[in-house]
Structures are given as structure tokens and as C-alpha cells.
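K.L.:
this is the structure alone, sequence omitted:
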């Protein structure tokens, strides 16, 4: 079987506020990624300090944490062949002004600060991030009719 991976996506407060959750989610579903976990999560400073530990000393850190606590976010675990890279292609470049047309960020955002989604950038980070936001029993395994077309 092909390289089936799981990856985390967070649909951020700007997408929640602008009522774009369904449109963003549909992009990943149309790609053929399988939802294996999904929930609304109200993030707190402790979780965000862990999640954004690599940004703690940067000037934008405080604003980022405040932004991420504005509203709940939608946490999703997707599964699919090469899911980490495929999700990142669907998202587009971190800076929406540099993202390819048709990507989530190019279509729904104009700034890095409000770039709609977070996605894991490596297998190691995906595994850590999934554990950070989901309990093991919240991530499901199931067969889907379309798996035969998407999982090779």
C-alpha cells in the first residue's frame, strides 16, 4: 500500500469568524483526504505555548496567542497518501500573497497573521501535534468506499 499518513489541520479563528469552515473543509475532502478526527477546540495559553514553542521569542508571539484564543478552532486529522504534503499543497504558501491561485490561503486570506489554517509540516510534527490536540480514542480508523480510489 502507498505511504498513508495522518496529519493535523487547525482551521483558525479568522476562518471561523468569517464563516469559511465548510469551504475550507471541502477543499481537503475534494482532494480525497479522509477525516479520521474532528472537533471544536478552545485553545488556552498552555497548549499554545507548547504548540508555538519555536515562536516564543519572536515579537509576534503574544499577538499570535491572543488571536488563536479568540474563538474555538476546528481541529481535524486527515488521512491519505502523502497527506502531509498534500494538505500543504491545498493550503498554499504561508504568506497568502505568495500562495498559488486556487489554494485555501490564496482564495481566503490576504495576510500571514490571518492565513486561515495551520497544518503539520513533517511526519514527526504531525505525530506530536495530533497527540497535542486529540486523545488516541478520538482518532478513528475506518474503511471508506472511496479509499480504493484515493489510497492506491
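P.N.:
The structure has been received and is ready for your questions. Because the structure is a prediction, the values reported are computed rather than measured.
K.L.:
contacts and neighbour counts: CA atoms only from here.
P.N.:
Fine.
K.L.:
the bottom helix or strand of the chain by mean pLDDT?
P.N.:
The helix or strand with the lowest mean pLDDT-type score in the chain, counting by mean pLDDT, DSSP states H and E, is helix 147-150 (a mean of 82).
K.L.:
contacts only, for residue 87.
P.N.:
Residue 87 makes contact with 28, 119 under the criterion C-alpha atoms under 8 Å, 6 or more residues apart in numbering.
K.L.:
buried residues in the helix or strand where it lies, which are they?
P.N.:
Under the criterion of DSSP states H and E, residue 87 resides in helix 83-91. Of the residues in helix 83-91, those buried by neighbour count under the rule 16 or more other C-alpha atoms under 10 Å are 83-88, 90-91.
K.L.:
not counting its neighbours along the chain, what's nearest residue 104?
P.N.:
In this structure, residue 104 finds its nearest non-sequential neighbour in residue 91, 4.8 Å apart by C-alpha to C-alpha, 6 or more residues apart in numbering.
K.L.:
which pLDDT value belongs to that neighbour?
P.N.:
On pLDDT, residue 91 comes in at 98.
K.L.:
looking at it, it is touching residue 120, isn't it?
P.N.:
No. Using C-alpha atoms under 8 Å, residue 91 is not in contact with residue 120, being 11.1 Å away.
K.L.:
low-confidence ranges, the protein, go.
P.N.:
1-2, 152 (pLDDT under 70).
K.L.:
just the helices in it please.
P.N.:
Defined through DSSP state H, the helices belonging to the chain, from first to last, are 13-17, 21-31, 45-51, 61-68, 83-91, 104-108, 123-133, 147-150.
K.L.:
next, the angle from the fifth one to helix 21-31.
P.N.:
Interaxial angle of helix 83-91 relative to helix 21-31 (axes from the mean of the first three to the mean of the last three C-alpha atoms, to 10 degrees): 120 degrees.
K.L.:
chain center to helix 83-91: distance?
P.N.:
Averaging C-alpha coordinates over helix 83-91 and over its chain gives two centres that are 9 Å apart (C-alpha atoms, centre = their mean, to the nearest Å).
K.L.:
begin at 9 from now on, thanks
P.N.:
That works, and once the first residue is 9, the last one we named lands at helix 91-99.
K.L.:
give the contact list for residue 64.
P.N.:
Listed by C-alpha under 8 Å, 6+ apart, the contact set of residue 64 reads residue 57.
K.L.:
one more time with 10 Å
P.N.:
When contacts are counted by C-alpha atoms under 10 Å, 6 or more residues apart in numbering, residue 64 is found next to 56-58, 70, 72-73.
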